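# sequence first, then the predicted structure, then my questions.
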Amino acid sequence: MLDDDLENIYAIKKESPLVIGITDNTNIIASDIRAILKYTNKYYILDDLEYAKVNAKEVIIKSKEGKIINKNLKVFNEKNNDNSKGHYKHYMLKEIMEQKETIFNTILPFIEEGIDSLEKLPDLTKYQEIAIVGCGTAYHAGLVAKYLFKEIANTRCNVYIASEYRYQNNFLNKDTLTIFISQSGETADTIAALKLVKNKGCPTLGIINVKNSTISFLVDKCLYTNAGSEIAVASTKAYTAQVALLSLLVLAQAYRNKSLSKKEVLQIIEEFKNIKTLVNDVLNKKDLYQKLAKDIYKEEDIFYIGRGLDYALAMEGALKLKEISYIHSESYAAGELKHGTISLIKKGTPVISSATNSNLNAKTISNLKEVLARGANVYLITDEHYKEDIIQIINIPKVNIFIKPLLIVIPYQLIAYYVAVLRKTDIDKPKNLAKSVTVE
Ligand code: M6R
């Protein structure tokens, strides 16, 4: 606002998002159309360095050279965009419970007509390597995909934390496809990493939840996760949607490069069609998660361990717990404990684990016995039927490897949630955290 210009507000877009909402009697500047949906669903999106002069009656948008731009007025009409808490006390619980729908909504277009639908996913066989970049929970989704790309689709894959990736030598080349994962599509470190790859002319793909977000515009191709608005700071339904979509990318890759036969792929697709029932089954074990939460909520240190895929999931379990309950929680590769961390295990330390890989389970159980011997209280999520009465077991249905991560993470999310309830924390808006990290 200028001293002699009290009628207008001037806004410039630089890196962080900027929208201008249009109503019949005024116009509104915001960072996201969702923030102003109760006033309008009509809006302009500004591109970097464009600026606008806005008053109650008109909006004039100009390019950085000062030329007027006639932007297309967008209309926000997203389905699944119920921003109320419904009958839930917290958005986080609502979003966890929604996963039986959101995972299905994400994958349906790629499974409904079998292989033909799967073939709609981009063909990755022309690349020598897949790189995945993200932050926090999105990075953890990337770790699950890395495991599946390597172990099932026999494809080279690496995963990077965006804030590291942007300041290191990534040996960028055109034979590597870099996949950027982000719920918001606005995370500053992920955007910076993406610009680095684009500036070298290398191929990019986005796995994004928020439509029309910065990353969705910048990537060569964007696949939307369709999880609907995620409002709680702790990411839950966006994570499972990311994992589900990435799993289908791996499945398509395994089909195309013949790591899996057509028959195997069709069986997996059939099982995916049943995902609502499977997820519901795990969501319904509320009493078990509440009981476990009651056991551990007064603790100061909690460890999550696992091997392979179960390690990637342990990382997400530990993040969820520390983020909303403020309990120190750490994830460790189970076999790595004896190289230092086991010294922290004392009588009563909770150790939570999952063991869902028949080739590795015996090893994980042996690691659990090591911590049991040092007095730990051990909890195990598994699809096997163990009779270890010293270990408290949460059973999940036996499913194929693509679906496992989607089921194992649910107890982790709900344990974190119920612990936070008992500790009376601000679950949807944990201290020191923001939903969208638009600064470095
Ligand atoms: O919007 P993004 O997916 O890019 O956000 C990345 C992280 O900031 C986010 O996943 C964060 O770790 C979550 N709050 C974890 O629950």
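On my side now, so go ahead.

# where exactly do the helices run in the stretch 301-440 of the chain?
For the stretch 301-440 of the chain, the helices identified by DSSP state H, counting those that start in this stretch occupy 309-325, 361-373, 404-422, in order along the chain.

# quick one: closest of these to Val243.
Minimum separation from Val243 across those (C-beta to C-beta) falls at helix 404-422, 5.3 Å. For every residue, glycine as well, the C-beta is placed using N, CA and C.

# just the CA atoms of that closest one, as PDB, please.
Written as PDB, here are the backbone C-alpha positions of helix 404-422 (Å, rounded to 0.1, in the frame of the first residue of the first chain):
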ATOM      1  CA  LYS A 404       1.600 -54.500   3.300                       C
ATOM      2  CA  PRO A 405       3.000 -50.900   3.900                       C
ATOM      3  CA  LEU A 406      -0.500 -49.500   3.600                       C
ATOM      4  CA  LEU A 407      -1.700 -51.800   6.400                       C
ATOM      5  CA  ILE A 408       1.300 -51.700   8.700                       C
ATOM      6  CA  VAL A 409       1.400 -47.900   8.900                       C
ATOM      7  CA  ILE A 410      -2.200 -47.700  10.300                       C
ATOM      8  CA  PRO A 411      -1.400 -49.100  13.700                       C
ATOM      9  CA  TYR A 412       1.600 -46.700  13.800                       C
ATOM     10  CA  GLN A 413      -0.600 -43.700  13.000                       C
ATOM     11  CA  LEU A 414      -3.300 -44.700  15.600                       C
ATOM     12  CA  ILE A 415      -0.800 -45.500  18.300                       C
ATOM     13  CA  ALA A 416       0.700 -42.000  17.900                       C
ATOM     14  CA  TYR A 417      -2.700 -40.500  17.900                       C
ATOM     15  CA  TYR A 418      -3.900 -42.200  21.100                       C
ATOM     16  CA  VAL A 419      -0.700 -41.500  22.900                       C
ATOM     17  CA  ALA A 420      -1.100 -37.800  22.000                       C
ATOM     18  CA  VAL A 421      -4.700 -37.900  23.200                       C
ATOM     19  CA  LEU A 422      -3.500 -39.200  26.600                       C
END
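
# on the three-state scheme, Asp295 is what?
Judged by DSSP: H, G, I helix; E, B strand; the rest coil, the three-state class of Asp295 is helix.

# tell me which residue of this protein lies closest to the ligand.
Using C-beta to the nearest ligand atom, the closest approach of the chain to the ligand is made by Gly136 at 1.9 Å.

# list the contacts of that residue.
Going by C-beta atoms under 8 Å, 6 or more residues apart in numbering, Gly136 touches 235, 319.

# follow-up on the earlier one: what about the helices of the stretch 301-440 of the chain, which gets the closest to Leu266?
Evaluated with C-beta to C-beta, the helices of the stretch 301-440 of the chain place helix 404-422 nearest to Leu266, the distance being 18.8 Å.

# that closest one: how far from the chain's middle?
Helix 404-422 sits 14 Å away from the centroid of its parent chain (C-alpha atoms, centre = their mean, to the nearest Å).

# confirm for me that Glu370 is in contact with Leu337.
Yes: with contact taken as C-beta atoms under 8 Å, Glu370 and Leu337 are classed as touching, separated by 6.9 Å.

# between the two, which one's more packed in?
Per other C-beta atoms under 10 Å, whichever of Glu370 and Leu337 has more neighbours is Leu337, with 21 against 16.

# quick check: closest non-adjacent residue to that one.
Across the structure, with C-beta to C-beta, 6 or more residues apart in numbering as the measure, the residue nearest Leu337 apart from its sequence neighbours is Asn367 (6.1 Å).

# coming back round to it: now render the helices of the stretch 301-440 of the chain as a markdown table, adding distance to Asn72.
Supplementary listing: these in a markdown table, determined by distance: least, C-beta to C-beta, whole Å:
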| stretch | distance to Asn72 |
| --- | --- |
| helix 309-325 | 38 |
| helix 361-373 | 54 |
| helix 404-422 | 37 |
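
# worst mean pLDDT among the ones you listed?
Among these, helix 361-373 carries the lowest mean pLDDT, at a mean of 92.
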